[in-house]
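>>> Here is my input; please provide its structure:
(chains A, B and C)
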Amino acid sequence: MGAESGVPRKAAERAGRLRALIEEHNHRYYVLDAPTISDAEFDSLFRELEALEREYPALASADSPTRRVGDAPVTTFETVTHRVPMLSLNNAFSDEEAESFDRRVRELLGVDEVDYEVEPKFDGLAVGITYRQGALNVGATRGDGASGEDVTANLRTINAVPLTLGAKAPPLLEVRGEVVMLRRDFERLNAAQTAKGERTFVNPRNAAAGALRQLDPKVTASRRLTFFAYGVGEVDWGAAKPPATQEALLERLESLRLPATRERKVVRGLKGLMSYYHAIAARRASLAFDIDGVVYKVNDLAQQERLGFVSRAPRFALAHKFPAEEMPTEVLAIEVQVGRTGALTPVARLKPVFVGGVTVTNATLHNEDEVRRKDVRIGDTVIVRRAGDVIPEVVRVLPEKRPRGAREFVMPKKCPECGSHVVRLPDEAVARCSGGLVCPAQRKQALLHFGGRRAMDIEGLGEKLVDQLVDAELVRTPADLYKLNVDTLAGLERMAEKSAANVVAAIDKSRETTLARFVFALGIRHVGEESAKDLARHFGSLDELMAAHEPSLLEVRDVGPVLAQSIRQFFAEAHNRGVIARLRTAGVHWPEGAPQREARGKLAGVTFVLTGTLPSLSREEAKEMIEKRGGKVAGSVSKNTAYVVAGAEPGSKLDRAEALGIPVLDERGLRAMLQGKG
DNA sequence: TTACCTCGAGCTCA
DNA sequence: CTCGAGGTAA
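Presented below is the predicted three-dimensional model:
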């Protein structure tokens, strides 16, 4: 801040002083949870700094606290790959499960008692925020764990997220934590929304999620989010000594101005876990934020490392969830839904009930036997909850509330959509409509599947449009889609000129495809995306595939008798062959190549299993490289596995590989094999 | 499964 | 303004 910029020394000094004060008070407020000045006093410091920076623009720097909302709106969020994957935690829903977690940890470590760092499990959104040389660099959502969305501009607007980490900042630090909306901020936001005549948010989590997904950071800033750090991803502590415990890690983060919850503590043994869990549960309603359980982590980081990971979750941590909220409601009706394969699923239509943060109106009853087992009748009052993750579940009936006229559910003999008779094979739980594609419900599902993103990828072909197309009898089979034009579409709801043209263009575009997509799009039972790829590769052309008899189908990897049967049946059907012929006449085409059986690709027939994080290859990339050479990547280790490729933090698959005596490769070994032989 | 955001485009009413 | 589609998150 030199005098050469024409800024009076006094002003520069005052600005520096103000920034330090603001950061200090932010720290006291968010990290220590012990403010020493009032909000009004804080605001006045802030305004003074703003005024100074306005007067002397040379004073304003990118990491000034006044510059949280800097960026202009973006049009899309970029994708960020997590250098260290953002895993999820194993869940426990009972004290017993928590007990077996502790037992397992003790056994694996060979100790009598373990120290745990424990904290509330926030109900918010997981993010990773990377600081380089102490400056906030990138922040991203968890996404699928491997990559998420770049929401840096929005995270910068959160006052609890420091823009700089101060003098002790390590060279590189990715902090992991949860973005949440405090209950009081949620109340305030909803009051403001009501005042503006806008719709309110259902719960703080959704409000926070919505705020973070705003393209314009100004909106995010107005929504008041906060942040709690609970761990780290990629990190280089530089000259500083790395922390040795989870507790020390959080203290280190706090010393870097990153807020961790004050509700955390270190406890000893199972007894410590239990008393913490029950103490927090008792205070749950009076906390400033929503939580859905507590998290236990082995405190000693060396012990954490020894415990390692199983599949996608650490063995050293556990999320002990509170029991799912349960509410009584009424069964208004039990309807039957028809799926793409004709499967009939009974669904309970419920009197809307707010449970676990959302309004539940439907709950699947899975199948006839399930309805019997729970003895759910129409008119019953039932207990519903949102199970484990998200799917609403009818827990049980309250028999004392059963009205006299409560009707039992009977699986209809005729399909409710098309009247074809319903069949249930003796050894199957599901009943099916026998109508096949005569059934409009199945036709609709088939069309939706055909146009799906992983199939023919016809943009704009959604549920409502398909409903209309089928109901108006404009489309009976996928082949009919290719006869549509702007005129035939005219007259349908929400299908004026522009929309119609877009749909026609999307359909036209789908004419150029791949054999694998096409085979998947046909919707042959048991043929998913993977099998479709295998079949396309193996036969190379559709005619080969259609002509294949069972023995040759069985030669395809992963194709067993059930799949082979199903494929044969599908192509034996004259109707299906007709549709395919018409699709081809309509101009649907794909490159056909020579069949790639066995010997093609040096790794043909060689099965790999990947575990852990490879240094420079993502899981997808490694898989692709192996498959390109004809190899196969399986999800779990068996005696058919040829090699296990292990990276950092391998899971139990490595143990199993060792147990079965299967050779283990690292990334270098894998590359050598791919190149050497290929 | 539900809730939310965003986009394009259709619908409605002044 | 409202709707449908497509995406994300838990």
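>>> Please look at residue A:613 and residue A:85 and confirm they touch.
Yes. Between residue A:613 and residue A:85 there is a contact at 6.1 Å, judged by Cβ atoms under 8 Å. (Glycine included, C-beta is placed from N, CA and C.)
>>> Please give me every residue in contact with residue A:463.
By Cβ atoms under 8 Å, 6 or more residues apart in numbering, the residues touching residue A:463 are A:444, A:448.
>>> switch to 10 Å and redo it
Contacts for residue A:463 (Cβ atoms under 10 Å, 6 or more residues apart in numbering) come out as A:444-445, A:447-448.
>>> now residue A:170
A:131-134, A:232, A:235-240, A:242, A:252, A:256.
>>> what do you get if the cut-off is 8 Å, keeping everything else the same?
By Cβ under 8 Å, 6+ apart, the neighbours of residue A:170 are A:134, A:235-238, A:240, A:256.
>>> Then residue A:244?
Taking Cβ under 8 Å, 6+ apart, one finds A:300-302 in contact with residue A:244.
>>> Let's see which of those end up in helices.
A:301-302 (DSSP state H).
>>> Give me the buried entries from the contacts of residue A:244.
A:300-301 (16 or more other Cβ atoms under 10 Å).
>>> With pLDDT added, can I get the contacts of residue A:244 in TSV?
Below are these laid out as TSV (pLDDT from 0 to 100):
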residue	pLDDT
A:300	98
A:301	98
A:302	97
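>>> Can you tell me which of the contacts of residue A:244 is nearest residue A:175?
Closest approach between the contacts of residue A:244 and residue A:175, by Cβ to Cβ: residue A:301, at 15.7 Å.
>>> Okay, strands next: where are they in the stretch 151-300 of chain A?
A:172-180, A:226-236, A:265-268, A:291-298 (DSSP state E, counting those that start in this stretch).
>>> Ok, which of those strands comes nearest DNA strand B?
strand A:172-180 (13.6 Å; Cβ to the nearest atom of the strand).
>>> The closest one packs against which elements?
strand A:125-132, helix A:204-212, strand A:226-236 (3 or more Cβ pairs under 8 Å, 6 or more residues apart in numbering; DSSP states H and E).
>>> Tell me how far the closest residue to DNA strand C within the stretch 301-450 of chain A lies from DNA strand B.
Taking Cβ to the nearest atom of the strand, DNA strand C has its nearest neighbour within the stretch 301-450 of chain A at residue A:390, 4.1 Å off. According to Cβ to the nearest atom of the strand, to the nearest Å, residue A:390 and DNA strand B sit 4 Å apart.
>>> for residue A:519, same thing?
In terms of Cβ to the nearest atom of the strand, residue A:519 sits 25 Å off from DNA strand B.
>>> what's the distance between residue A:229 and residue A:322?
22 Å (Cβ to Cβ, to the nearest Å).
>>> These two - which one has more neighbours?
Neighbours were counted for residue A:229 and for residue A:322 using other Cβ atoms under 10 Å; residue A:229 has more, 23 against 15.
>>> Not counting its neighbours along the chain, what's nearest that one?
residue A:177 (3.9 Å; Cβ to Cβ, 6 or more residues apart in numbering).
>>> Could you say which helix or strand holds residue A:459?
Under DSSP states H and E, no helix or strand contains residue A:459.
>>> Spell out which parts of chain A neighbour DNA strand C.
A:123, A:125-126, A:141-144, A:148-149, A:205, A:209, A:213, A:389-390, A:453, A:459-466, A:493-494 (Cβ under 7 Å from any atom of the strand).
>>> same thing but 6 Å
A:125-126, A:141-144, A:148-149, A:209, A:390, A:453, A:459-465, A:494 (Cβ under 6 Å from any atom of the strand).
>>> can you pull the pLDDT of the residue minimising distance to the centre of chain A?
Centroid-nearest residue in chain A: residue A:144, 4.8 Å away (criterion: Cα atoms, centre = their mean). With respect to pLDDT, residue A:144 has a value of 89.
>>> Go through the contacts of residue A:170 and name the one nearest residue A:439.
residue A:235 (56.8 Å).
>>> Can you give me the neighbour number for the residue lying closest to the closest one once chain neighbours are set aside?
Nearest non-adjacent residue to residue A:235, counting by Cβ to Cβ, 6+ apart: residue A:173, 5.2 Å away. By other Cβ under 10 Å, 25 other residues sit near residue A:173.
>>> looking at it, residue A:173 is touching residue A:128, isn't it?
No. At 10.5 Å, residue A:173 and residue A:128 do not qualify as touching, with contact defined as Cβ under 8 Å.
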